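Visitor: here's my sequence, what's the structure:
(one chain, ligands or ions: 1)
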Amino acid sequence: MTKLRKAVFPVAGLGTRFLPATKAVPKEMLTVVDRPVIQYVVDEAREAGIEHFIFVTGRNKTVIEDHFDIQVELYDTLARRGKNDVLERLRQLQPEPGQTSFTRQQEPLGLGHAVWCARELVGDEPFALLLPDMIMQSEPGCLKQMVELFNQTDGNILSVEECDPSQTHKYGIVGRGEAVAGGFRINAMVEKPKPAEAPSNFYISGRYILQPEIFSLLGRHERGAGGEIQLTDAMLKLMQEQPFHGHHFTGQTFDCGSPEGFVEANLAFALARPDLRDHVMRMMEQAGGK
Ligand code: UTP
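Guide: Here you go, the predicted model:
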């Protein structure tokens, strides 16, 4: 059994759904309460035992690299002012030296292409893939739950959630085979099927554990839907050679790539904070009464 050590975060997308906010600021750096979206996802990976964090970035994304670096002057100033609690919080979130790598996608040719750009940094071992748009609220975190299934089944694991059966055309949908070790065998995968053609209402929700053989399939650079190099197309091919299992995630997922999901995430994470909960509840009660 190979230990899962590395995680890939594709952050090279343009974030057009979030303009004008994303004109100069990457969408991964928009804050949910007081942390950038990307911090939640990195924390989820760290909790799952990930030791190396690989970011596939693009132009205008250097601030993500800065965020995961030490800000020497800031840290010195905080120490001088005796703000040791803030300093300690920053240190806890800080990856160790050498734990992060950054590579550029150069052109946004699709998610599959972004993942392929990480091939040299991942090497010949399984890796986690976390779409930073999706932030998840659960204990333990989604990736940690998936690692438990991975340790029992090996192969490839996808987190899945149920959507309204009329909405399958918005998602990558999987077919549900026999139950295995708390998850299930995936026996079909269809990108955005019409409800009548969908094998189920379980959609792929942004967390993956993949075997390195995916890279040679992505390296064929075959264009799929929208003219982009699609990850789902390569996974479909890999499914002919290796098992895929689904982990049914039952926590809360927020699509922070869309304004609605982003607002929901802010509310949900604020409500989960003891120092903010009462304030937000009062505000919502007042708004509800109007
Ligand atoms: P999205 O489909 O959300 O695309 O990508 P996007 O460009 O980021 O956002 P919109 O739709 O224009 O608002 C899903 C994930 O794949 C990454 C994105 O950064 C996001 O994490 N991605 C997508 C890349 O890294 N490169 C690409 O070429 C496409």
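Visitor: could you use CA atoms for every contact and neighbour count after this?
Guide: Fine.
Visitor: quick one: the helices in this protein?
Guide: With helices called from DSSP state H, the chain shows them at 37-47, 62-67, 72-80, 84-93, 111-116, 119-122, 142-153, 214-218, 231-238, 259-271, 277-289.
Visitor: as a markdown table, the ones you listed with mean pLDDT and mean neighbour count would be great.
Guide: What follows is the helices of the chain, written out as a markdown table (pLDDT from 0 to 100; neighbours: other Cα atoms under 10 Å):
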| stretch | mean pLDDT | mean neighbour count |
| --- | --- | --- |
| helix 37-47 | 97 | 21 |
| helix 62-67 | 93 | 14 |
| helix 72-80 | 93 | 12 |
| helix 84-93 | 92 | 12 |
| helix 111-116 | 97 | 24 |
| helix 119-122 | 98 | 16 |
| helix 142-153 | 96 | 20 |
| helix 214-218 | 97 | 20 |
| helix 231-238 | 95 | 19 |
| helix 259-271 | 95 | 17 |
| helix 277-289 | 88 | 12 |
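Visitor: so which of these gets nearest the ligand?
Guide: Counting by Cα to the nearest ligand atom, the ligand lies closest to helix 111-116 out of the helices of the chain; the figure is 4.3 Å.
Visitor: can I get the CA coordinates of the closest one in PDB?
Guide: Presented in PDB, the C-alpha positions along helix 111-116 are these (Å, rounded to 0.1, in the frame of the first residue of the first chain):
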ATOM      1  CA  LEU A 111      -8.600  21.000 -15.900                       C
ATOM      2  CA  GLY A 112      -7.100  17.900 -17.400                       C
ATOM      3  CA  HIS A 113      -4.300  19.900 -18.800                       C
ATOM      4  CA  ALA A 114      -3.700  21.600 -15.500                       C
ATOM      5  CA  VAL A 115      -3.400  18.200 -13.800                       C
ATOM      6  CA  TRP A 116      -1.000  17.000 -16.500                       C
END
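Visitor: circling back to that earlier point, now the helices of the chain as a markdown table including distance to the ligand?
Guide: What follows is those, written out as a markdown table (distance: least, Cα to the nearest ligand atom, whole Å):
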| stretch | distance to the ligand |
| --- | --- |
| helix 37-47 | 10 |
| helix 62-67 | 12 |
| helix 72-80 | 29 |
| helix 84-93 | 21 |
| helix 111-116 | 4 |
| helix 119-122 | 14 |
| helix 142-153 | 16 |
| helix 214-218 | 13 |
| helix 231-238 | 10 |
| helix 259-271 | 10 |
| helix 277-289 | 28 |
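Visitor: of the ones you listed, which approaches P26 most closely?
Guide: helix 62-67 (8.0 Å; Cα to Cα).
Visitor: residue contacts, the residue in the stretch 151-290 of the chain that the ligand sits nearest to?
Guide: The ligand sits closest to G257 of the stretch 151-290 of the chain, with a gap of 5.7 Å, by Cα to the nearest ligand atom. By Cα atoms under 8 Å, 6 or more residues apart in numbering, the contact set of G257 is 15, 17-18, 27, 133-134.
Visitor: are any of these buried, and which?
Guide: The neighbour-count criterion (16 or more other Cα atoms under 10 Å) marks 15, 18, 27, 133-134 among the contacts of G257 as buried.
Visitor: max pairwise distance over the residues you listed: which two?
Guide: Longest span within the buried ones among the contacts of G257, Cα to Cα: F18 and M134, 14.3 Å.
Visitor: which residue packs closest to F9, ignoring adjacent ones?
Guide: In space, and not counting its chain neighbours, F9 is closest to F55: 4.8 Å by Cα to Cα, 6 or more residues apart in numbering.
Visitor: cool, and Q211?
Guide: P126 (4.3 Å).
Visitor: distance of that neighbour from the ligand?
Guide: 19 Å (Cα to the nearest ligand atom, to the nearest Å).
Visitor: that residue is in contact with I214, isn't it?
Guide: No: the criterion here is Cα atoms under 8 Å, and P126 misses it with I214 at 9.6 Å.
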